[in-house]
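**Student:** Give me the fold of what follows.
(2 chains)
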Amino acid sequence: MTVSSVPPGLILIVGALLLPLTVGAVRSAVLLALPLIALAVLWQVPDGPALTIAFLGTELVPVQGTTLGRLFGTVFLIMAFAGGLFAMGQKRNTELVAAYVYAGSAVSVTQAGDLLTILVFWEVMAVASGLVIWSAGTKAAYRAAMRYMMVHLLGGVLLMAGIAGYVVETGSLAFVAMQPESVATWLILIGFLVNAGAPPLSSWLPDAYPETSYSGMVFLSAFTTKTAVYVLLVGFAGSQVLIYFGLYMIFYGIIYALLENDMRRILAYSIINQVGFMVVGIGIGTEMALNGAASHAFAHIIYKALLLMSAGSVLHMTGKRKCTDLGGLFQSMPLTATFGIIGALSISAFPLTSGFISKSMISQAAFDEHLAFAWFLLTAASAGVFLHAGIKFPWFVFFQKDSGLRPPDPPGHMRLAMLFFAVLCIGLGVFPGPLYKLLPFAVEFVPYTVPHVVNMLQLLLFSGLAFFLLLPLMKRTLTISLDTDWVYRRLGQRIAEAVLTQGGALYLGFRQAAVRRVGQAIGLVFRVTGPESVFARTWHTGNAIMAVTAVLAVVLALFFF
Amino acid sequence: MIVGQLPILQVIVPLLAAPICAILPFRRLTWLIALAASLLALAIALTLLDQVLSDGPISYLLGDWAAPWGIEYRVDPLAAFLLVIVSALGSVIMLFAPTSVAREIADDRIFLFHAMYLLNLAGLLGMVVTGDVFNLFVFLEISSLSSYVMISLGQSRRALTAAFQYLIMGTVGATFYVIGVGMMYMMTGTLNMADLGTRLPAVAETRTIIAAMAFVVVGIGLKLAMVPLHFWLPNAYAYAPTVVSAFLAATATKVAVYVLLRLVFTVFGGPAMVGLPVDQVLLVLGIVAMFGASAVAIFQTDAKRLLAYSSLAQIGYMVLGISFLTATGLTATIIHLFNHALMKGALFLVLGCVFLRVGSVQISQMAGLGRRMPWTMAAFVVGGLSLIGVPLTVGFVSKWYLIQAALEKGWWLVAVLILLSSLLAMIYVWRIIEVAYFRAPGDDVLQIREAPVMMLIPVWILAAGNVYFGINAQQTIGAAQSAAAVLLGSGG
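**Tutor:** You can find the predicted model right below:
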């Protein structure tokens, strides 16, 4: 066992478990200090294996320095710091401990040099994040946490099967680039994709995340999907199939976000949409695309957390989460509204925000590779992002009609956390240099060229226009009257409306059928294996002997013939 | 001098201690004797394991009668490994026993319980150490008869019917076994295992030997509660005193698996078995057990019964490992013998603590126990995680080798099934954890105190073992691998 580094993720995990021993100011100090200490340690990890342990005849590498691992580890720890600041007001320790263990495991995944270490922390993440959801304390949260854990542990099962097969095939546990060619690597890929929110299991994310407490979702938005992006970046860069997965996720996110009324569920769908962009980038696999995916993950964690902090503040102060119950909050929560808008601009990739300098890299990579359809879809999706997250969220929550609610801005530490991330959003947008330096490949991309900026502004302008024109449809209460000039647009609107309602109805129908089927299946299992079933009840001794004799007869027959 | 006699001392010590206990009606004293005999057996077993791993198998001739005629005791790595499992678990459980036994067994019978325990221990150790198929039958009966008595000591009257049913089924199993042995003796004229192994191939094609194999496999299958021959086990474990459940779950089924391994590989020649579908039968039964028993466990309301069904599922894993007929598969089975003893031992002892304080092991009665008995329930969590097979526990090591074995054969489906069945384990473990930690405690639970330290120490020895051998698996894996190599070598 050679050691040249303490595992930075472990600092967070062990520290978190000691958290319940502290109170008051000490607790706050520990909360803020832990991620910073871990960050300092993370940057001391030298390149290459820094800690190796012999296990079951192979060598594990729990800590290994890589450019990409350092990038993701850094943003995870920044996230843990800001999240800790934001969630400091939580009286009970459960959520914070779970969130820090969760964050520590995510950091550990980014530092791991072998598949087994990844698997271990993958499972810890699943349990810890489930606990974060559970700690919201409601019945709905409890059940959501159960469903969430089932999906993730199933993903873990597939991943483990894949890893075991990979070891048999290659004789090595090292986590290196691979291609989905054999059953084993496919299973690993599927295991990773489950956490990324890829179809067909995407719905775990919008199902579970909105049930968390006001601060819980801030943590959840950052780690699970982005560790999946990290492992995909390392393991499956350039796998074509990811482009299709990614495109599906992008549009899945947009369509459902447009249909949604719960403000945090809108943002949950938008996570899938944004991760879709990254997955496409990984699928394209050129240096620029991978840089784009990595930097977009970095930027996304920060602005999505900012948006969710803003939404969490609203939830914390009003106790309401539906768009139809909210509105007009800018009057009494100006800071929260401002921070929310900065986050919204970033996610829409507005120039001078962090989204702009990262997402355009992915589109550019698609363009450079002559992937015309991907480029078109990505561009169309950029407009869609602006629609559902960039405008819809701030508009319905902070403006729109006046709901009559007049809550004040949230407590100081929550405002401070939002300020920190808002500054980062704009700082990265204005000075992308430091982030670009952290990327795995040298960056030749210049974000601020006239065509880029003009293109983006046009796109945003038109989709903004479209939003307000379609606003009545978005509310889905008022009828729309349009001029004759707009006939073709109306047709388009009809189509859009039909797709949205039919799609929604289809989805609901499917969902009901699925729920019914699952219920029936459980009933069947219960009949076969429940306490009164043949299998479980106490047998009369005579019958048992008969059964034994029958078994003997069958075995004899099998042996004879 | 004494070192040469270790194989016989291994059996003689508990066998002689038993009647001493039976004539001394002082429960503290008999407990001390039982504990001392267990620890002595453990010391002997560890010495033997050490010797065997460095110097090779030990052959001991009873009364110096030469091998095929006299009874031979034979200690190879597999046998030594089993000796350590049985005597180690026996020692830890005896350490745990006094308080738990005082609560669950009538005072005037406790000294008899100790006598029966020692007989059972002697029987189990004898089954492992002997190299003679008929001598094995004798020890099998010693251990079986004593376990019927121990089960019947349970508080509930249902313990009596459970013991009775086990008696009937166990006797049928033993009879099948002895019928099979008789047939083999008829055809080969020998009862020595190694000797049988060399003589059987010549007559392997005969109907008699084929029938003998069927009788032996079904007979031992009954003893190890291989689904669908498991009827006796859930009730026996559920109604026996908790200490007895812990001891039987941790050791008795393990020894039965050992006997199956011995017979299939040393006697019948393992992979060389001529065209008989023993491996297919084991494969199917193993998978049925993994899923069927786990699904039943999910719906149980009594925690002991739940663990009993979980044991059936775990036995399924062991049987599955045998069915691969490969070195890795056998390693998985053998390592799981040890690992499962650790987890089930820990879990049943936890239930012993719960019964002591709560007076019941109904899951519904355990609401809020996580706060009232933090150390006890934390040990349950560790054992439960191990049962599921979470990395850093022994359960993971077993699962890892079992999956590797399946994949070596290219059986992807089996590998995925193994993993899916571990999800079922997660559900039933979670049911208890959920009640203990996430339900508000009832009024009566609020009065409950943590279990006494003298019980927590053995519980935590086993719980810590689950983690220690999960991280530092080299030694156990090494022993299991050399045991598997011996089986395949001598069988091949």
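**Student:** can you give me the mean pLDDT across the host helix or strand of residue A:147?
**Tutor:** Residue A:147 is part of helix A:139-170 when elements are defined by DSSP states H and E. What helix A:139-170 shows for mean pLDDT is 87.
**Student:** May I see the buried residues of it?
**Tutor:** Neighbour-count burial for helix A:139-170 flags A:141-142, A:144-145, A:147-168 (criterion: 16 or more other Cβ atoms under 10 Å in any protein chain shown). To be clear about C-beta, it is placed using only N, CA and C from the backbone, and glycine gets the same treatment.
**Student:** do that helix and chain B meet at all?
**Tutor:** Yes: contact of helix A:139-170 with chain B (Cβ under 8 Å from any Cβ of the partner chain) involves A:142, A:150, A:153-154, A:157-158, A:160-161, A:164-165, A:167-168.
**Student:** SS state for residue A:50?
**Tutor:** Assigned by DSSP: H, G, I helix; E, B strand; the rest coil, the conformation of residue A:50 is strand.
**Student:** In this structure it contacts residue A:5, no?
**Tutor:** Yes: here residue A:50 reaches residue A:5: they are 4.0 Å apart, a contact under Cβ atoms under 8 Å.
**Student:** For chain B, what's its nearest residue on the stretch 201-350 of chain A.
**Tutor:** The nearest approach of the stretch 201-350 of chain A to chain B comes at residue A:201, 15.1 Å away (Cβ to the nearest Cβ).
**Student:** surely that residue meets residue A:195?
**Tutor:** No: the criterion here is Cβ under 8 Å, and residue A:201 misses it with residue A:195 at 9.6 Å.
**Student:** who touches both of those two?
**Tutor:** Common neighbours of residue A:201 and residue A:195, counting by Cβ atoms under 8 Å, 6 or more residues apart in numbering or on different chains, are residue A:155.
**Student:** Which one's more surrounded, those two?
**Tutor:** Per other Cβ atoms under 10 Å in any protein chain shown, whichever of residue A:201 and residue A:195 has more neighbours is residue A:195, with 30 against 17.
**Student:** Help me confirm that that one comes into contact with residue A:151.
**Tutor:** No: shown here, residue A:195 and residue A:151 do not form a contact pair, counting by Cβ under 8 Å, at 9.3 Å.
**Student:** Please report how far residue B:124 lies from residue B:252.
**Tutor:** Using Cβ to Cβ, to the nearest Å, residue B:124 is found at 7 Å from residue B:252.
**Student:** neighbour count winner among those two?
**Tutor:** residue B:124 (32 against 24).
**Student:** quick one, what contacts the more buried one?
**Tutor:** Applying Cβ under 8 Å, 6+ apart to residue B:124 gives the contacts B:86, B:139, B:143, B:251-252, B:255.
**Student:** Show me what from the stretch 151-300 of chain B comes close to chain A.
**Tutor:** B:164-165, B:168-169, B:172, B:176, B:207, B:210-211, B:213-215, B:217-218, B:221-222, B:228-229, B:231-232, B:234-235, B:276-278, B:281, B:292, B:295-296, B:298-300.
**Student:** Now for residue B:124 and residue B:252: what residues contact both?
**Tutor:** In contact with both residue B:124 and residue B:252: residue B:143, using Cβ under 8 Å, 6+ apart.
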